[in-house]
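Engineer: Here is a sequence with its predicted model. Questions after.
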Amino acid sequence: MKNSTHSHIQVGIVGGTGYTGVELIRLLSNHPNAKITLLTSRTEAGKAASEIFPSLRGVCDVAFSDADIEALKSCDVVFFATPHGVAMKAARELVASGTKVIDLAADFRLQDLAEFEKWYGLAHECPDIMAKAVYGLPEVNRAAIAKADVVGNPGCYPTTAILGLKPVIDSQNTQDEALIDKRIIIDAKSGISGAGRSAKLNLIFSESSDNFSAYGVAGHRHLPEIRQGVETLLQSKFAHHIRFVPHLVPMIRGMYSTIHLGLTDAGCALDWQAIFEKAYADEQFVDVLPKGLLPETRMSRASNFLRIGVHQDNDEGVLTVMAVQDNLVKGAAGQAVQNMNVMFGLDEKAGLNVVAVVP
């Protein structure tokens, strides 16, 4: 840590008034090794966090301030819970000062800068920092995250997709014979909080309640991130085509991704339940459910757990992988805290030992 007199990691959060921002405050306020010292907001400067979110009364009374780069430099780590394009404006100066950066937006996710500009409509402002940034999926990239100065926290959908596919891709990479068909279908659903804390017509109660809709069918910005995860992070060695369709579900929290894979005869000969269980046996936040038990979003609500169910149908030659998570926790703020723990050599569960909320 920068100041050896500090017993805790000094944490700054830029953009702490959105849903991921308040989730960071909730989780970090209970972290044994971290202390929130700086919260910034362009619109709520001067107000205490507990004034904006009464749920934080008696938990966090740090006041929001304007984003000042010099103040941010005093932190050991800064989380950016901001729109795309904000973190990259400050990353170079923060890294030069010895402050680590964890961005919950997309500024440091896509290594292909042309893809970033295409999908997010922004020219990247620090490609040199981007080249050194690490994709923050601990279950795949833990060793690199531990050495990183800048981490791009994964998108919520890609987290379920990449972790749902990892045991399959890893198995395929060890075989010369194809185990699955080329087409990978990802049918994904998210709660409304995934769209952020803002006033949008399609998100008001009378529009979203009692309704179910697809979006991004012609193309979604998380698709190139999923492809990057499969092709680069998991180093897939077989030809494939990914079809990804997200949906908006009338619930506040939760994400459910169902992945359909066609099995070849060689793929049918394997026990995929056992493969998944072995793949994640040592992971603290990925839980492979027993055979026959199917995941539900409430199994993960408000927790950092991603729960996976596996169904193998050899008669039809189909493998179905179902992954659920809280889109605001493992899909965003919880994973960001998990990354911080890895970066600072802490117990990965620190601040994240939260049981799912039922009902």
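Structural biologist: Nice, thanks for sending it over. What you see is a predicted model, and the numbers here were worked out from it, not measured in a lab.

Engineer: what's the neighbour count on K47?
Structural biologist: 15 (other Cβ atoms under 10 Å). No exception for glycine: its C-beta is placed from N, CA and C like everyone else's.

Engineer: quick one: least confident helix or strand in the protein?
Structural biologist: helix 205-208 (a mean of 82; mean pLDDT, DSSP states H and E).

Engineer: contact partners of that helix?
Structural biologist: The contact list for helix 205-208 (Cβ atoms under 8 Å, 6 or more residues apart in numbering) reads 192, 201-202, 248, 250.

Engineer: how about the helices in the stretch 1-150 of the chain?
Structural biologist: 19-28, 49-52, 69-73, 87-96, 113-120, 127-132, 138-146 (DSSP state H, counting those that start in this stretch).

Engineer: Pick the most buried one from the ones you listed.
Structural biologist: helix 19-28 (a mean of 25; mean count of other Cβ atoms under 10 Å).

Engineer: what's the average pLDDT for it?
Structural biologist: The pLDDT scores in helix 19-28 average 96.

Engineer: Any of the contacts of helix 205-208 buried? List them.
Structural biologist: Buried members of the contacts of helix 205-208, counted by 16 or more other Cβ atoms under 10 Å: 192, 248.

Engineer: Mind picking the two most distant members of the contacts of helix 205-208?
Structural biologist: Spatially, the most separated pair among the contacts of helix 205-208 is L201 and P250, at 15.1 Å (Cβ to Cβ).

Engineer: picking up where we left off before, out of the contacts of helix 205-208, list just those in helices.
Structural biologist: Applying DSSP state H to the contacts of helix 205-208, no entry is found in helices.

Engineer: for the chain, what spans make up the strands?
Structural biologist: 9-14, 34-40, 64-65, 77-80, 100-103, 134-135, 150-152, 180-190, 213-214, 241-248, 255-263, 286-288, 306-313, 318-325 (DSSP state E).

Engineer: Below-threshold pLDDT in this structure: ranges please.
Structural biologist: 3-6 (pLDDT under 70).

Engineer: Give me the angle between the helix ranked longest in it and strand 318-325.
Structural biologist: Scanning the chain for the longest helix, with DSSP H as the assignment, gives helix 156-173. Here helix 156-173 points in a direction 140 degrees away from that of strand 318-325 (axes from the mean of the first three to the mean of the last three Cα atoms, to 10 degrees).

Engineer: circling back: adding distance to T232, write the contacts of helix 205-208 out as CSV.
Structural biologist: Below are the contacts of helix 205-208 laid out as CSV (distance: Cβ to Cβ, whole Å):
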residue, distance to T232
I192, 31
L201, 37
N202, 33
L248, 29
P250, 35
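
Engineer: Closest one to P167 out of the contacts of helix 205-208, please.
Structural biologist: Using Cβ to Cβ, the contacts of helix 205-208 come closest to P167 at L248, 28.4 Å.

Engineer: chain center to stretch 111-131, what's the gap?
Structural biologist: 19 Å (Cα atoms, centre = their mean, to the nearest Å).

Engineer: Break this structure down into its structural domains.
Structural biologist: 9-132, 157-328 (automatic domain parsing).

Engineer: Save these as JSON lines, and put in distance to L352 too.
Structural biologist: Listed next are the domains of the chain as JSON lines, based on distance: least, Cβ to Cβ, whole Å:
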{"stretch": "domain 9-132", "distance to L352": "7"}
{"stretch": "domain 157-328", "distance to L352": "4"}
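
Engineer: of all those domains, which lies closest to L346?
Structural biologist: With Cβ to Cβ as the measure, domain 9-132 is the member of these nearest L346 (5.4 Å).

Engineer: got the end-to-end distance for that closest one?
Structural biologist: 23 Å (Cα to Cα, to the nearest Å).

Engineer: Over to stretch 80-95?
Structural biologist: Start-to-end, stretch 80-95 (Cα to Cα) is 14 Å.

Engineer: who touches it?
Structural biologist: Contacts to stretch 80-95, defined as Cβ under 8 Å, 6+ apart, come from residues 13-16, 18, 20-21, 24, 67, 69, 72-73, 78, 100-108, 120, 122, 124-126, 128-130, 149-150, 333.

Engineer: Fine, thanks again, bye for now.
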